[in-house]
Structure formats: C-alpha cells, structure tokens
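Chemist: no FASTA, just this:
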C-alpha cells in the first residue's frame, strides 16, 4: 500500500482512520493465521471449558464499576503517563499532522512506541467524536480514553481469569477476582496510560494462552509485549517458557519457529509505525533497553535496596492477601508453576537499582491466583470444623481490611494531582470572564495533572516553557506557580504585579491522633498558587 504524503497532511483525520484500520486488519490477519496453527490438544481443551458462574458475572460488573470510580476520583495523570496520554490526544485531535504532536516539543528521555496509543485512540475515536459534536469538554476525552484503557486491561484480565477457571476451578477464579477487587494498586493502575499498563494487556492474554496449553499463541503474544512494550518481560515470560521446555510441553523446534515468526511480525510493525511518528528510523524498545540496562541510566531517577520489591512493593500491592502465598504450594502443588516465574522475575529485576512498584505489576494477577488457590481451599473446607469456620471468617475479614486500605490510598492519591486541580480551578474562575488569556504552567503543574486534554479553552495560550526569567513570566496574564506559602522566594517577584486568585493543596503526610476517630488524619499543604496580573498589557 502506497501512502500519498500530500493527501496525508491535507486530510489528517480521514487518513488517520484509514492508516489505523489497515494496521488493525494486518494484525488481525496475522492472529488468524497463527490461530489456525493450533493443534488438536487445544481443540479438545475447548470442550472441557468451565462455564462462567453468576457470581463471576456480578464480580465482572464490580470490576468495571470500581475502575470507573477510580477514574472519577483521580481523573488526572502524572508525568510518567504523559507520553502515552499526549500521544492519544494528538492522534485524536491532529491525526496524521505529526508536526503538531507533543513529543516533538517534549520527546522525553527515551522514545516510546505509538502502537499502544494507536489502539486506544482507534477505540476511543467514535466516542470522543460524539462528545465533540455535542459540544462537550475536551477533558471528557481524557475520561473516555482512560475508560477505554481500563476496559482493555480488565477485558484481558477476564480472559486470564477464565483460563484460571479452566485450569484451577471456579472457586479459585472467584477468589482471584475478590482479591483483585479488594487491592488498590492493580485497579488504580489499570486506567493509567503507562508503558507497563499498555504491556499488561498482551501479558495477560499470553498467560491465558499458557494456562490453556496453547503454547504457540503464548509465545507469539508474549513476544509482542517484549518486543514492542517492555523488554524486561523476557525474564518473566521467559521463565514460563523455560518451565514448558523442561517438562516437555513444547519442543525447542516449535519455540524457534514461532519465535522467528514473532520477530518477523512484531519488530517490522513497531519499526514501521514508530519510525513514521518519530520521523527517524528506530525500534523504540531497543533504545529503552539500551538506556536502562546497558547504560543503567534509570538509576538517575533514584535507587532502592536489593530486596525492596519483596519487603515494600509486594506488601503494599497485595495487602493482607500476601499472608496466603506461603501456604499456596503446600495446599495446592499446582501453584508452584505460578510462583516460580513470579519469584524468578522479581529476583532478577531486583538487580537493577531503580525500582518502582509498577515495574512488577504483571505478577500481581499471577500471585493473586496462587493466593486465591489457598483461599479457595480454606473456603471449601469451611464447614469441617470450628477452626475452619474461624479461618473462613478471617478470609472475609482480610478482604474488608484490604478494602479499607484501598479506600484510604484512593483518597490520598486524589490529593497528589495539584496541577490538574489548578488548571481546573483556573478554568472555573476565568473562562466566563476572560475569553483570551495567556497562562504559564510551571514544572510541578505539568508533572501533576496538566495535559493537552486539560487545555480546554481554544482562545487561551497555555505555555509550559521551562527556565523563563521573571521578566518573561511577567508577560503572562496568569501564572500557575509552585510555592509552600504566598511569600515564598519564587513568588516574591510577582507580589506587586499579580494578585492571588487561587490556591491548591496537595498531600503532605499522615498523622495519627488517638483522640479522634478514625485515628488517622491525612494532612495537606499548599502546592500551587494561581496568580492574575493586576494590569494586563493591551
């Protein structure tokens, strides 16, 4: 297919739809051809599929409802999510007019793939177009794209959970969902446009293929998550493949053949698409891996102790459900195949000094499956003795404890986006009275919630230029400036020329007070001030 670059730039939105549709058809064709290669063992497995119970259907509604609640409470995003979210915005609003894209102005430290944003934008496009026709705010588009992303993640989670039901039984499947619902981080991150979350969709699908003994599609799908989104997943999914090789469930020849096909499909796809958007020949994930692993530059963003994932990240992510994991291989030996790749991946990944909880989020559903197997065994035996009844009550109690912790974390998280709240406050104060103004947004504001979706007023000028002098900042009619109080050093030059029209606080810590109920009090402090020029130059 030849692309007319002249027409491409003249009708960006129309050409964008054509390009993305053709890409989607190409990928679907590859998937169909690979599915035809599945042998009779997988066909026999379909006959033994366990039907979905009514309880699981109810839990599905709760999953989607809770994820949408998380978006409503925390509608803004942070700087780590900026590339994918800005890319989705530009795909929806600029189409093939790549020169207008945000990544040309703010490219980031390393290039990221456009394939994830393309998929989300394609699905979101009909909904965002409808909102635009109805005169809705552009900020509603951000709700839509995040809702689409969480539906993709939870949809792939459902596929994985169905595979768990087929392999481990309905009770384990139900407890897997209950544990996931009660915990904070997986549900919170499911709508966050991070590279890790984009990769989570093919990871969950590949794990589902693995549990359903469909090795061909496991390798093919796993390769997409590794080659396109996150190269470190080779340690996690490679550990799964190693188990399959050791026990003889897959031959080395099949691994080599399917692996070669995967290389020939996924690498040219990401190189072709991303080279077009970045304006140079590149394979984004290869550059990311070189930056993080070979150059070890990720440590510039902070380092953590070797065992940080085990004593800090996992307890926060799994909550009290972590106590169920040590019993899993004792009560159900089948869970060994779940624990081995998770522990292997986390242990190997711990060797890199820079660590974040989201880096190991792919292991949470698998670890919850093992914990769910323990919970299911206790629950099935709940009527056998008085001690068994106590354990079953403790299981229900630990879910309540997780939910309480998740509610607290959700409230605290809602206070961590002062930039988004500041630009919303500015719109509420000035949009009716000032159709044209210029506002400068400082670094903290841009890192904590300001995106192109939040820049709602067409007649306003939103400037994010860094390191401007006080004289240059004074030319703007409005300023959003970080400060601990009104007379802080960075606000001093504007005390006589501007007036304060708004203040946004952010989370500062937690204080325990045993004289109040609840005994925990969340504290906040001033983070951003909104200033308006007293006399705007004509």
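Modeler: In hand now; what should we look at? Bear in mind the structure is a predicted one, so any value in this text is a computation, not a measurement.
Chemist: C-alpha from now on. contacts and neighbour counts both.
Modeler: Noted.
Chemist: in three-state terms, label the residue nearest to residue 293 when sequence neighbours are not counted for me.
Modeler: Among residues not flanking residue 293 along the chain, residue 352 sits closest, at 7.9 Å (Cα to Cα, 6 or more residues apart in numbering). Under DSSP: H, G, I helix; E, B strand; the rest coil, residue 352 falls in the coil class.
Chemist: could I get the average pLDDT for the helix ranked longest in the chain?
Modeler: In terms of residue count, the longest helix belonging to the chain (DSSP state H) is helix 138-168. On average, the pLDDT along helix 138-168 is 97.
Chemist: so what touches the following helix or strand past it?
Modeler: Proceeding N to C from helix 138-168, the next assigned helix or strand is helix 170-182, under DSSP states H and E. Applying Cα atoms under 8 Å, 6 or more residues apart in numbering, the external contacts of helix 170-182 come out as 50, 53, 55-56, 59, 62-63, 66, 161-162, 164-165, 186-187, 321, 365, 368-369, 371-373, 375-376, 399-400, 402-403, 406.
Chemist: how about a cut-off of 6 Å?
Modeler: 161, 164, 165, 368, 369, 372, 373, 376, 399, 402, 403 (Cα atoms under 6 Å, 6 or more residues apart in numbering).
Chemist: next up, the contacts around the second one.
Modeler: The reference is to residue 164. residue 173.
Chemist: so how far is residue 355 from it?
Modeler: Separation of residue 164 from residue 355 (Cα to Cα, to the nearest Å): 29 Å.
Chemist: got it, and the fifth one?
Modeler: For residue 369, the distance to residue 355 equals 24 Å [Cα to Cα].
Chemist: do the same with the first one
Modeler: Remark: distance between residue 161 and residue 355 (Cα to Cα) = 28 Å.
Chemist: of the two, who's got more company?
Modeler: Taking other Cα atoms under 10 Å, residue 161 and residue 355 do not tie; residue 161 has more neighbours (28 against 22).
Chemist: tally of neighbours for the residue lying closest to residue 403 once chain neighbours are set aside?
Modeler: Computed as Cα to Cα, 6+ apart, the closest residue to residue 403 that is not its neighbour in sequence is residue 182, at 4.9 Å. Applying other Cα under 10 Å, we find 24 other residues in the vicinity of residue 182.
Chemist: hey, where'd the helices end up in the stretch 401-538 of the chain?
Modeler: For the stretch 401-538 of the chain, the helices defined by DSSP state H, counting those that start in this stretch occupy 418-430, 443-447, 470-473.
Chemist: would TSV of those with distance to residue 199, mean pLDDT and mean neighbour count be doable?
Modeler: Shown next, in TSV, are the helices of the stretch 401-538 of the chain (distance: least, Cα to Cα, whole Å; pLDDT from 0 to 100; neighbours: other Cα atoms under 10 Å):
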stretch	distance to residue 199	mean pLDDT	mean neighbour count
helix 418-430	26	95	20
helix 443-447	23	95	21
helix 470-473	40	91	12
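Chemist: so for residue 212, which of those helices sits nearest?
Modeler: In terms of Cα to Cα, the element of the helices of the stretch 401-538 of the chain nearest to residue 212 is helix 443-447, at 41.8 Å.
Chemist: what lies in contact with that closest one?
Modeler: Contacts of helix 443-447 (Cα under 6 Å, 6+ apart): 78, 79, 419.
Chemist: give me that answer again for 10 Å
Modeler: 77-82, 417-423, 450-451, 464-467, 480-483, 527-529 (Cα atoms under 10 Å, 6 or more residues apart in numbering).
Chemist: restricted to buried residues, select those residues in ChimeraX.
Modeler: Per 16 or more other Cα atoms under 10 Å, the buried members of these correspond to this ChimeraX selection:
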select :77,78,79,81,82,417,418,419,420,421,422,423,450,451,480,481,482,483,527,528,529
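Chemist: of the contacts of helix 443-447, which belong to strands?
Modeler: 480, 481, 482, 527, 528, 529 (DSSP state E).
Chemist: what residues are up against the closest residue to residue 299 other than its chain neighbours?
Modeler: Leaving aside its chain neighbours, residue 299 sits nearest to residue 354 (4.8 Å; criterion: Cα to Cα, 6+ apart). Neighbour list for residue 354: 292, 296, 297, 298, 299, 300, 301, 302, 303, 304, 305, 306 [criterion: Cα under 10 Å, 6+ apart].
Chemist: one more time with 6 Å
Modeler: Counted by Cα under 6 Å, 6+ apart, residue 354 has contacts 298, 299, 302, 303.
Chemist: need the pLDDT of it.
Modeler: 91.
Chemist: then residue 32?
Modeler: Confidence score, pLDDT, at residue 32: 48.
Chemist: kindly report the same for the one 3 residues further on.
Modeler: At residue 35, the model reports a pLDDT of 42.
Chemist: and residue 300, by the same measure?
Modeler: 78.
Chemist: pretty sure it sits in a strand.
Modeler: No. Residue 300: not assigned to a strand; according to three-state DSSP it is helix.
Chemist: how about the nearest residue to it, chain neighbours excluded?
Modeler: Per Cα to Cα, 6+ apart, closest to residue 300 is residue 354, 8.0 Å.
Chemist: now the phi/psi pair for the one you found, please.
Modeler: The phi/psi pair for residue 354 (degrees, to the nearest 10) reads phi -80, psi 120.
Chemist: look up how far residue 263 lies from it.
Modeler: 29 Å.
Chemist: from residue 408, how far out is residue 532?
Modeler: In terms of Cα to Cα, residue 532 sits 35 Å off from residue 408.
Chemist: who has more neighbours out of the two?
Modeler: Neighbours were counted for residue 532 and for residue 408 using other Cα under 10 Å; residue 532 has more, 21 against 14.
Chemist: which residue packs closest to the more buried one, ignoring adjacent ones?
Modeler: Leaving aside its chain neighbours, residue 532 sits nearest to residue 478 (4.5 Å; criterion: Cα to Cα, 6+ apart).
Chemist: is it true that the one you found touches residue 534?
Modeler: No. Using Cα atoms under 6 Å as the test, residue 478 is too far from residue 534 to be in contact (9.7 Å).
Chemist: the two: which has the busier surroundings?
Modeler: Set residue 478 next to residue 534 and count neighbours by other Cα under 10 Å: residue 478 wins out with 26 against 13.
Chemist: check the more buried one and give its pLDDT.
Modeler: Taking residue 478 on its own, its pLDDT is 95.
Chemist: what sits against it?
Modeler: Applying Cα under 6 Å, 6+ apart, we find residue 478 in contact with 439, 531, 532.
Chemist: bridged to it, which residues?
Modeler: residue 439, residue 532 (DSSP bridges).
Chemist: distance of it from residue 397?
Modeler: 51 Å.
Chemist: equivalent analysis for residue 126, please.
Modeler: Computed with Cα to Cα, the distance linking residue 126 and residue 397 is 43 Å.
Chemist: residue 161 - nearest residue in space that isn't next to it in sequence?
Modeler: residue 173 (5.9 Å).
Chemist: can you get me a residue count around residue 55?
Modeler: By other Cα under 10 Å, neighbour count at residue 55 equals 10.
Chemist: which SS class is it?
Modeler: helix.
Chemist: low-scoring pLDDT stretches of the stretch 301-450 of the chain, where are they?
Modeler: Under the criterion pLDDT under 70, no range of the stretch 301-450 of the chain is flagged.
Chemist: one more time with 80, if that's ok
Modeler: 432-435 (pLDDT under 80).
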